[in-house]
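> Next input, structure requested:
(2 chains)
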Protein chains: 2
Amino acid sequence: MTSPPPDRVTIKDVAARAGVSKGAVSLAFNHKPGLSEATRDRIFAAARELGWAPSSTARSLAGARVDVVGLAICRPARLLGLEPFYMEFVSGVESVLSEHSCSLLLRLVRSPQEEAGLLESWWRGRHIGGSILVDLRADDPRVPAARRLGLPVVAVGHPSLTGGLTSVWTDDTTAVTEAVRYLAALGHRRIARVGGAAALGHTGIRAAAFDEVARALELAGAWQVATDFSGESGARATRSLLAAAPRDRPTAIVYDNDIMAVAGLSVAAEMGLSVPGDVSLLAWDDSQLCRLTHPMLSAMSHDVHGFGAEVARTLFGVIAGEGAGSHPVPTPVLTPRGSTAPPDV
Amino acid sequence: MTSPPPDRVTIKDVAARAGVSKGAVSLAFNHKPGLSEATRDRIFAAARELGWAPSSTARSLAGARVDVVGLAICRPARLLGLEPFYMEFVSGVESVLSEHSCSLLLRLVRSPQEEAGLLESWWRGRHIGGSILVDLRADDPRVPAARRLGLPVVAVGHPSLTGGLTSVWTDDTTAVTEAVRYLAALGHRRIARVGGAAALGHTGIRAAAFDEVARALELAGAWQVATDFSGESGARATRSLLAAAPRDRPTAIVYDNDIMAVAGLSVAAEMGLSVPGDVSLLAWDDSQLCRLTHPMLSAMSHDVHGFGAEVARTLFGVIAGEGAGSHPVPTPVLTPRGSTAPPDV
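Below is the predicted model of the structure:
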C-alpha cells in the first residue's frame, strides 16, 4: 500500500463538492443502504467531475465481501458455443472463484460500448465486486469506464491495450514469430495465417508480428485471412487459400485457434490434399481437440484453463487493493505433432 | 392463472404466525429493504413451517424485475471446458437472456447438496430472480429446496426426476431406442454404449432404454460402460471394448456425447481398425465437431443451442407466474454420415 501523491483528489474533496460527509461518500461507493437516490447520484457526479475513485483497498477494508464477479463476452452466442477457448477459460476462472465461494455473472453483449454501460449498471446495482474484461480493442471504451467507476478489473490483453489497468496477457508477438520461424525452418517459403476477428487487439498484434517475421525471413508468399473464429469460416479461408495452383498456394497454414485448424484438416481431405505432405497445418490454443484428429494437430500450446485461473487470482488481488500491474502468463509453446513436416517439393 | 385451492395456506397465515403484516411478508419475499434481519428471518421461518411460498405471479406483479438468473453446474471445471454441450447450452440460454437484458450467474459446485445451499443464499441474498437446474438425479435435494424457497426454477430433465417442478426435457428413451434400432437394421448384432456419469438421471434413463431395446432385439452382445463424459474416458472405454477378439467385440458403438465419439474414432485409427468397416461409431448431441472429422460422424442430432434457449424462455414464463408444466423439446434425430455402415462380416 502506498500513500497517494499529495496533490491527489481525496474523498474529502468529493464530500465537499457533493455537500455531504465523507461517511456518505463511503456509503455510496460501498453500495451500502442509507442514502437517497438523489444524494447517491450527487456523490457519483461529484466524484466523476473530480476524477476521483475510491481505492480498492479502502473498499476492501470497508468489509465488502466479494461474492460475485462479472464477465461480459462480445461474441455471437452461436459462435461462443463452438469455441473451446472460452469454455476452458471460464472453467479456469470458475476453478478459482469456487475456492472463494464466488460466482461469475456472465453476459453476452453486442459491443464494448454496451459492455461499458453494463459494467456501470452491474457496479452501481451492487451486482459485482469486480469484473474481467476480455477481447480488448484499440481505444476500448471499457477502459475509461472502469477507471471512472473505480471498478476493480483485470483486463485480459497486452498492456498496450489496457490503458494502465491491471492486465493479464500472453506474448502473442513472440508466439507468432516462433510459429512462423518453425515452419520456415522446416523449409516452408509460402505460409498463410488464418486469423481471428480483425477488430480485436490481440488479432492486430498477431497480424503485425506475422507481417514482420514474413518480411524478416523474406518468405516467397505470405497471406493473412481474417475470420470470425468459427470452424465454418476457417474452412472457407482454407478452401480459398488451397484453391490456387500448387505453385501459388501456401504449403503451411497457421490458425488462430484450434477449431479452425480442425476444419482446415477436413478441407484438405475433401480437396484430396494430404496433411502434412501437401500442406502443413498448425493450430493455436491446443485444446483436447488437437489430439483427437488424425493426424494429430501440431499446435502452439497454451494452458487456457490456467490462464483463466490466473486472471481470477489477479482479480482477487486487485479487489484486495493490490496496485495495478502487468502479469504475463507463459507464452504458448510449439507442440509438434503429425500435421507439420517439411514440404514435399 | 388459477386460484389457489380454498384450504391452502395463504400469506395471511404466514403474517399471523410471524406476528407481522401481510405487507411485511411481501417485502421479505420480494427482497425489498425495510425489515430488520430478525423480522425477515422470523417471516421465512413461519413460511417454512407452514409450507408456504409466494406465487411467482404475486412476486412478478409486485414489480420485481428479473435481471439475473442462476445456473450451477456440478461438473469438474477441467471437464466442463472440454464438453461442447454445456457451452452450446449456455450460449442458447444467453441468447434469450440478452433479449431481456438479463445476466446469468454461473457457479461450479461439487454436489447437488452444495447447490441447494447456494440456491438458498442466492435467493435470500437477492442475487437471482430464478434459476436453471441441470443434471437432475434421483431424489435430487435441489427439488425440495426450490419448493421450500418458492424459487422460480426450470429443471432440465425428465418429469420423473423433477418432482413436479417445471421441466424442459428430451425424450432419451425414444432416442436411444432409435439409435440401437438403426444399428441393428444395418445388421449389427453386437452393440456397445459408452454412457455418461452413472449418477445422472438422464444417464439412467438412457441405460434402461438401451437394456430394453437390446433385449427386445435379442442382440448377441450388448455392453454399457460408464464414463465421466471426457474424451480421455471415451478413449479408454473404446480401447477396452475393441481390445477383445474380433468375434467377441462390438461392431457398433453409441456414445453419450460427441467428444467421446471423436476420441473413439482416434482410438480405432490407433488400433488399425477402419471406421465404419470394422466398427461403426454413432455420436450424441452433434456439435460442429462431428462434421470436422474424417469420416464425418453419424450422430443423434440435437439442437443444444435451441434447447438452452427454450429453457430460458420457459424460466421467464415461470417467473411471470405460469403454472408448472412439462416442456419436451424435439427428440434427437438420427443424422447418418460416414461413420456408420453395415458390419463387414
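
> Given whichever helix or strand residue A:194 is part of, what are its sheet partners and their directions?
Under the criterion of DSSP states H and E, residue A:194 resides in strand A:190-195. Strands that pair with strand A:190-195, judged by DSSP bridges, come out as strand A:221-226 (parallel), strand A:252-255 (parallel).

> ok, and which of those strands has the densest surroundings?
Per-stretch averages of neighbours, counted by mean count of other Cβ atoms under 10 Å in any protein chain shown, single out strand A:252-255 among the strands paired with strand A:190-195, with a mean of 30. (Glycine included, C-beta is placed from N, CA and C.)

> Residues touching that strand, excluding its own?
For strand A:252-255, contacts defined as Cβ atoms under 8 Å, 6 or more residues apart in numbering or on different chains pick out A:176, A:179-180, A:183, A:186, A:188, A:190-194, A:210, A:234, A:238, A:241, A:261, A:264, A:279-284, A:300, A:340, A:343.

> Point out where chain A drops to low pLDDT.
Applying pLDDT under 70 to chain A flags the ranges A:1-8, A:29-33, A:48, A:51-65, A:81-82, A:345.

> What segments of the stretch 201-345 of chain A are strands?
Secondary structure of the stretch 201-345 of chain A (DSSP state E, counting those that start in this stretch): strands located at A:221-226, A:252-255, A:280-285, A:298-301, A:326-328, A:333-335.

> For the strands paired with strand A:190-195, give me TSV that also has distance to residue A:147.
Formatted as TSV, these follow (distance: least, Cβ to Cβ, whole Å):
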stretch	distance to residue A:147
strand A:221-226	30
strand A:252-255	35
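
> closest to residue B:144 out of the ones you listed?
strand A:252-255 (49.0 Å; Cβ to Cβ).

> any residues touching stretch A:103-111, and which ones?
With Cβ under 8 Å, 6+ apart as the test, stretch A:103-111 has contacts from A:67-77, A:80, A:90, A:93-94, A:97, A:115, A:118, A:122, A:127-128, B:68, B:70, B:90-91, B:94-95, B:97-98, B:103-107, B:118, B:122, B:127.

> Try it again at 7 Å.
If you take Cβ atoms under 7 Å, 6 or more residues apart in numbering or on different chains as the criterion, stretch A:103-111 is touched by A:67-74, A:77, A:93-94, A:97, A:115, A:118, A:122, A:127-128, B:68, B:94, B:98, B:103-107.

> For it, list the C-alpha coordinates in CSV.
Extracted C-alpha coordinates of stretch A:103-111, given in CSV (Å, rounded to 0.1, in the frame of the first residue of the first chain):
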residue,chain,number,x,y,z
SER,A,103,-19.9,-16.8,-8.6
LEU,A,104,-19.5,-15.5,-12.1
LEU,A,105,-22.0,-13.1,-13.6
LEU,A,106,-21.9,-13.9,-17.3
ARG,A,107,-23.4,-11.8,-20.1
LEU,A,108,-23.2,-11.8,-23.9
VAL,A,109,-23.0,-8.3,-25.3
ARG,A,110,-23.0,-6.9,-28.8
SER,A,111,-20.4,-4.2,-28.4
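
> Give me the buried positions along that stretch.
Judged by neighbour count (16 or more other Cβ atoms under 10 Å in any protein chain shown), stretch A:103-111 contains these buried residues: A:103-109.

> do the same with stretch A:304-311
A:304-305, A:307-311.

> Same list, the residues you listed, but as JSON lines with distance to residue B:40 please.
Converted to JSON lines, the buried residues of stretch A:304-311 look like this (distance: Cβ to Cβ, whole Å):
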{"residue": "A:304", "distance to residue B:40": "43"}
{"residue": "A:305", "distance to residue B:40": "40"}
{"residue": "A:307", "distance to residue B:40": "41"}
{"residue": "A:308", "distance to residue B:40": "37"}
{"residue": "A:309", "distance to residue B:40": "37"}
{"residue": "A:310", "distance to residue B:40": "39"}
{"residue": "A:311", "distance to residue B:40": "36"}
